[in-house]
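**Q** starting from these lines, generate the structure:
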Amino acid sequence: MKIKAIHSLVIQDNPGDYQSLQEYLQMGQLPVEKIIHADSISEDPPFINDNNFDNPLLNLTRPGSAGIESVIVLNRLLLHTPIVVFSGSEASEIAVEFISVGAQDYLAKGEYDEKLLPKTIQYGIARNKLLKKIKERNEWGENIRAHEKERNKLGKELLDNMNQILVTA
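**A** Residues are numbered from 1 along each chain as shown. The predicted structure follows:
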């Protein structure tokens, strides 16, 4: 199966860490068409509106980083886009906290490389597509149930009307 070229957003204020991430993305097996770099995230960054991202990579050890709030803001700005958080902290409680507010995955700095980072991104995109399909199917099922309920209601009304006509006759 051919993987489509991805557009990635990297939010990282350390030039050395950004360079490493960029190299890992380019060395990996994931075809990267475009990488947009930003030092920080704000409530309405112009680069969000101008691009269609497949995944953002968010560094949460930046000075002044809002942490959880950054993930929440990105989730709001990039609906249905898998966010990968990377941080200097290896604490699993922190990782679980970020995932609970919408991050797709959490990687500790120094634990990922040109193999793990692209794989994490690819798996996040695949999980996201699957979640979208599940949601669409659930909505479709709800629509079918609503139509069946309306049809049953209409059938009962018709039957009641027919019974009244027969009783009157």
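**Q** make it CA atoms for all contacts and neighbour counts henceforth
**A** Noted.
**Q** low pLDDT regions in the chain?
**A** In the predicted model of the chain, residues 1-2, 43-44, 61-66 satisfy pLDDT under 70.
**Q** elements contacting the longest helix seen in the chain?
**A** Scanning the chain for the helix with the most residues, using DSSP state H, yields helix 116-168. Helix 116-168 makes packing contacts with helix 15-27, strand 84-87 when contacts are defined by 3 or more C-alpha pairs under 8 Å, 6 or more residues apart in numbering; DSSP states H and E.
**Q** so how far is the shortest one from its chain's centroid?
**A** Taking the mean C-alpha point of strand 84-87 and that of its whole chain, the gap between them comes to 14 Å (C-alpha atoms, centre = their mean, to the nearest Å).
**Q** check the longest one too.
**A** Distance of helix 15-27 from the chain centroid (C-alpha atoms, centre = their mean) equals 22 Å.
**Q** what is the orientation angle of the following helix or strand past it with helix 15-27?
**A** Next along the chain after helix 15-27, taking DSSP states H and E as the criterion, comes strand 32-38. Between strand 32-38 and helix 15-27, the angle comes out at 170 degrees (axes from the mean of the first three to the mean of the last three C-alpha atoms, to 10 degrees).
**Q** strand 32-38 to helix 116-168, inter-axis angle?
**A** The directions of strand 32-38 and helix 116-168 differ by 100 degrees, with the same axes, to 10 degrees as the criterion.
**Q** how about residues contacting the next helix or strand after strand 32-38?
**A** The first helix or strand that comes after strand 32-38 along the chain, using DSSP H and E, is helix 46-49. With contact meaning C-alpha atoms under 8 Å, 6 or more residues apart in numbering, helix 46-49 is reached by Ile36, Leu77, Leu78.
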